[in-house]
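Enquirer: whatever this is, show me its structure:
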Amino acid sequence: MTQIPADTTKRQPVPRGIARSGPVLFSYGFRPFFLAAGIWAMAAMVLWIGALAAGWDIGGSYGGAYWHAHEMLFGYSSAALAGFLLTAVPNWTGRLPVSGTPLIVLFAVWCAGRLALLAPDMLGPPLSIAVDAAFLPLLLAICAREIIAGRKWKDLKILAGILALALANLSFHLLMASGGDTGMANRLGVAAFIMLITVMGGRVVPSFTRNWLARRHATQLPSPYDRFDTVTLLTGLVALTLWAMLPETLWSAVAFLLAAGLHLARLWRWRGWQCWDEKLVLVLHLGYAFVPAGFLAVALAQLGWAEPVAALHFFTVGAIGLMTLAIMSRATRGHTGLPLTASVMTTASYAALIAAALLRPLASIWPDSATELLSATGLCWITAFALYVIEYGPVLLQRRRERGE
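Expert: Residues are numbered from 1 along each chain as shown. A predicted model of the protein is given here:
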């Protein structure tokens, strides 16, 4: 049961279930990276709350706030991205997925980056930077090899997103080391993730929705990809580029407002309201809804009508957080043979993360209650990923499918 939309072009079936003689965890890319993403999402938030409430020393000379920003964007999110791509790319190309020793090496590099940045001064900043900065280029090389070998030229745009993330991560470290402003690096990282969500979400969301509605003999299905989608993506790219390079300008704000409207119309064309009773599908639409919401919020912030940090969290907690959790839970169920329907625990994890995405901006709107709201946001975030790990951790570690994944 394939859970990542594939091309309609004719090709050989994707070989599944390799590396069966070793640990189940390293038989497919989604297993270690989705599990690690869930665990690190919890652990990093606990550490950040400890730094705020009890003065825990995390991040060394980087400081707790910069460490938190980096680990949410380049730590957790990169693991979730790797799990998705290492599962999706084989479906797109028809090639064997990465597993066994190569997967172990890639995963070890990601883990080393997390450990190095907890106390970067122990290894020394240059070595810590090198360790952390190695992961995304390595992931880029693996995906590039598979896409080029599979001759899936239209998927090369995914590589541009990974490259932008790698450059943003390296820029963040270099700016930290030189005492510069990391704002542009952070914006570039967020922009790259949002573009990846809009590109890959444009394949995943309508495809899964169409499949679900077709099984129920619905007559009105999501609109297929057309020129409107292309215009929407290009508008978003221009807006995000302007924001990354020239924030707080009128042109950037106008571009963001236009992108918000186009992405909202795009989402409407996918007819998400028709699948309200299947939360495994509905959550994809809710996650994507934070994309136009983020464009609108950041546009208002650039015009001085909203607080910038609060606006940014519509992108980070809402769009990135909820979309990655949605894909992680759906792909885990589909690729381990579980029914493709959201359990009570899975639905609760979605609700907790939506609550986190909505509560975080309120801390800036109501500063007198900021401490309580930030605490509630952190608790909701931890709860969402704790539920994922509790439900799917044993599945990722132990459950195999007899007839392929």
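Enquirer: how deep is Leu250 tucked in, by neighbour count?
Expert: The tally of other residues near Leu250 (other C-beta atoms under 10 Å) stands at 9. Glycine gets a C-beta too; all of them are placed from N, C-alpha and C.
Enquirer: for it, list the residues it contacts.
Expert: Shown in contact with Leu250 (C-beta atoms under 8 Å, 6 or more residues apart in numbering): Leu303.
Enquirer: try it again with 10 Å
Expert: The contact partners of Leu250, by C-beta atoms under 10 Å, 6 or more residues apart in numbering, come to Gln302, Leu303.
Enquirer: Asp277 too?
Expert: Arg216, Thr341.
Enquirer: and if you look at Ile162?
Expert: 78, 81-82, 85, 136-137, 139-144, 192, 196.
Enquirer: give me the buried entries from those residues.
Expert: Using 16 or more other C-beta atoms under 10 Å as the burial test, the contacts of Ile162 include 78, 81-82, 85, 136-137, 139-140, 142-144, 192, 196 as buried.
Enquirer: closest to Pro126 out of those?
Expert: Here the nearest of these to Pro126, counting by C-beta to C-beta, is Pro137; it sits at 16.7 Å.
Enquirer: which residues are in contact with that closest one?
Expert: Val109, Ile162, Leu163, Leu165, Ala166, Leu167, Asn169, Leu170.
Enquirer: quick check: which ranges of the stretch 1-150 of the chain have low pLDDT?
Expert: Low-confidence segments of the stretch 1-150 of the chain, defined by pLDDT under 70: 1-22.
Enquirer: distance of Thr316 from Gly59?
Expert: According to C-beta to C-beta, to the nearest Å, Thr316 stands 18 Å off from Gly59.
Enquirer: buried residues, the longest helix anywhere in the chain. List them.
Expert: Ranked by residue count, the top helix of the chain under DSSP state H comes out as helix 183-215. Neighbour-count burial for helix 183-215 flags 184-210, 212-213 (criterion: 16+ other C-beta under 10 Å).
Enquirer: which of the three states applies to Asp181?
Expert: Here Asp181 is recorded as coil under DSSP: H, G, I helix; E, B strand; the rest coil.
Enquirer: any idea which of the contacts of Ile162 is closest to Ser252?
Expert: Closest to Ser252, out of all of the contacts of Ile162 and judged by C-beta to C-beta, is Ala192, at 16.6 Å.
Enquirer: so for the closest one, what's the pLDDT?
Expert: pLDDT recorded at Ala192 is 98.
Enquirer: okay but it is in contact with Leu159, surely?
Expert: No - using C-beta atoms under 10 Å, Ala192 is not in contact with Leu159, being 11.5 Å away.
Enquirer: got the contact list for the closest residue to Ile142 other than its chain neighbours?
Expert: Excluding the flanking residues, the one nearest Ile142 by C-beta to C-beta, 6 or more residues apart in numbering is Val98, at 6.1 Å. The neighbours of Val98, taking C-beta under 10 Å, 6+ apart as the test, are 18-19, 26, 28-29, 82, 85-87, 89-90, 105-106, 139, 142-143, 145-146.
Enquirer: and those residues, which are buried?
Expert: Buried residues within those, counting neighbours by 16+ other C-beta under 10 Å: 18-19, 26, 28-29, 82, 85-87, 89-90, 106, 139, 142-143, 146.
Enquirer: residues of stretch 299-316 that come out buried?
Expert: So, applying 16+ other C-beta under 10 Å, buried residues of stretch 299-316: 299-302, 306-308, 310-316.
Enquirer: likewise for stretch 54-69?
Expert: Quick answer for stretch 54-69 (16+ other C-beta under 10 Å): Ile58, Gly59, Gly60, Tyr62, Gly64, Tyr66, Trp67, His68, Ala69.
Enquirer: which one among the residues you listed gets closest to Leu396?
Expert: Proximity of the buried residues of stretch 54-69 to Leu396 (C-beta to C-beta) peaks at His68, which lies at 26.0 Å.
Enquirer: and the longest helix of the chain, what does it pack onto?
Expert: Secondary-structure packing of helix 183-215 (3 or more C-beta pairs under 10 Å, 6 or more residues apart in numbering; DSSP states H and E): helix 64-70, helix 77-93, helix 156-178, helix 227-245, helix 250-269, helix 279-302, helix 308-313, helix 323-335.
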